[in-house]
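**Q** Only the shape, not the letters, is given here:
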């Protein structure tokens, strides 16, 4: 027996299927689509331990500590959050008036009235219990999603941190070279070239009293500044891209921290548990009163007002 949880609303489906049945369907996504109604192309499936489940590793289901598959709908990632919340909003079902469940001709027997109240209380308790169960499943699913997010963000930050140090040093070196251009041009204008490296004509000219040649004679300041301007623009583009990437990784890390904190907050579940206990107590009290009213003698008015 495989249990499938649709993460978006916490609904669960008990499926009497085996691994062989899934493989016969042709793909895990096709099998999950048939059971949950989630679009096949939108399915992201995980085991309860956080393992991503696909058609090519579906056999990992056999070794899982439980046979639960959590199905996420990735299409919701493309929608506005408020639109998603409105779509998934669950409206409480209101029970019909008490009078609808008893005879329309008075007088009403107290036991009939109590049975009607008990019926509605039972339906209410079923709904609360089911809602509480789906909330727990949703919370379990969001824990799986949060853990998966942590692992993926950690992989991204590890890669970025590995190249950020080198990239930062390269950018600093480029900036230093560009900043030192004027000084470098001044220096090469004073570096004399040995006559052995000059052409015979230049060597003869120097021997006849012409000035000695320097590196500056063979390097055009104008062209070097043109090259430097191009390099400066490229450097600025690289610096901007690096700063944007750094900011994106920092924003991603902060966002992951916020998600983890929100998932760790169980106040909604605690409030739901309180409502569940209150509903259970109300049902037990109603059931107790209905049982007493079935007796031959009872203070029906006092019990019904209680």
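**A** In hand now; what should we look at? Just so it is clear, the structure is predicted and the values come from calculations on it, not from any experiment. Numbers count the residues shown, from 1 in each chain.
**Q** Kindly state the domain boundaries assigned to the protein.
**A** What automatic domain parsing lists as the domains of the chain is 1-89, 95-306.
**Q** What is the end-to-end distance of the first one?
**A** This stretch, domain 1-89, spans 30 Å end to end (Cα to Cα, to the nearest Å).
**Q** can you name the farthest residue from the center of the chain?
**A** Going by Cα atoms, centre = their mean, the residue of the chain most distant from its centre is residue 208, 80.2 Å out.
**Q** ok, back up a step: now mean pLDDT too, for the domains of the chain, in CSV please.
**A** Converted to CSV, those look like this (pLDDT from 0 to 100):
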stretch, mean pLDDT
domain 1-89, 90
domain 95-306, 85
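**Q** So which of those is the most surrounded?
**A** The highest mean neighbour count among those, using mean count of other Cβ atoms under 10 Å, belongs to domain 1-89: a mean of 15. The way it works is simple: take the backbone N, C-alpha and C, and place the C-beta from them, glycine included.
**Q** mind checking how far that one is from the chain centre?
**A** Domain 1-89 has its C-alpha centroid displaced from the chain centroid by 16 Å (Cα atoms, centre = their mean, to the nearest Å).
**Q** Make residue 1 into 825 and carry on from there
**A** Renumbered: residue one is now 825, and that last one reads domain 825-913.
**Q** Strands of this structure, start to end?
**A** Remark: strands assigned in the chain by DSSP state E are 826-830, 835-839, 867-871, 876-877, 892-897.
**Q** The shortest one packs against which elements?
**A** In terms of contacts (3 or more Cβ pairs under 8 Å, 6 or more residues apart in numbering; DSSP states H and E), strand 876-877 is packed against strand 867-871.
**Q** So what are the sheet partners of the strand it packs on and their directions?
**A** Sheet pairing for strand 867-871, assigned by DSSP bridges, gives strand 876-877 (antiparallel), strand 892-897 (antiparallel).
**Q** who's in contact with the nearest residue in space to residue 1059 that is not next to it in sequence?
**A** Nearest residue to residue 1059, sequence neighbours excluded (Cβ to Cβ, 6 or more residues apart in numbering): residue 998, at 4.8 Å. Contact partners of residue 998, counting by Cβ atoms under 8 Å, 6 or more residues apart in numbering, are 1055, 1059, 1062.
**Q** could you give the angle of the longest helix along the chain to strand 835-839?
**A** What stands out as the longest helix in the chain, according to DSSP state H, is helix 934-1003. Going by axes from the mean of the first three to the mean of the last three Cα atoms, to 10 degrees, helix 934-1003 is angled at 100 degrees with respect to strand 835-839.
**Q** Now do helix 934-1003 and strand 826-830, the angle between them.
**A** 70 degrees.
**Q** on that earlier part again, now the strands of the chain in a markdown table, with distance to residue 940?
**A** Formatted as a markdown table, the entries for those read as follows, by distance: least, Cβ to Cβ, whole Å:
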| stretch | distance to residue 940 |
| --- | --- |
| strand 826-830 | 34 |
| strand 835-839 | 30 |
| strand 867-871 | 44 |
| strand 876-877 | 47 |
| strand 892-897 | 39 |
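**Q** Quick check: the gap between the closest residue to residue 1043 other than its chain neighbours and residue 963.
**A** Sequence neighbours aside, residue 1012 is the residue nearest to residue 1043 in space, at 5.8 Å (criterion: Cβ to Cβ, 6+ apart). Noted for residue 1012: a distance of 69 Å to residue 963, by Cβ to Cβ, to the nearest Å.
**Q** residue contacts, residue 855?
**A** Each residue near residue 855 by Cβ under 8 Å, 6+ apart is listed here: 841, 845-846, 849.
**Q** Now do the contacts for residue 877.
**A** 852, 869-871, 884-885, 893.
**Q** Over to residue 1041?
**A** Residue 1041 sits next to residue 1017 when contact means Cβ under 8 Å, 6+ apart.
**Q** Roughly how far does it sit from residue 1008?
**A** 15 Å.
**Q** now do residue 947
**A** Per Cβ to Cβ, residue 947 is found 86 Å from residue 1008.
**Q** Could you do residue 950 as well?
**A** In this view, residue 950 and residue 1008 are 83 Å apart by Cβ to Cβ.
**Q** same question, residue 864
**A** Distance from residue 864 to residue 1008, by Cβ to Cβ: 63 Å.
**Q** Residue 978: which of the strands paired with strand 867-871 is closest?
**A** With Cβ to Cβ as the measure, strand 876-877 is the member of those nearest residue 978 (15.2 Å).
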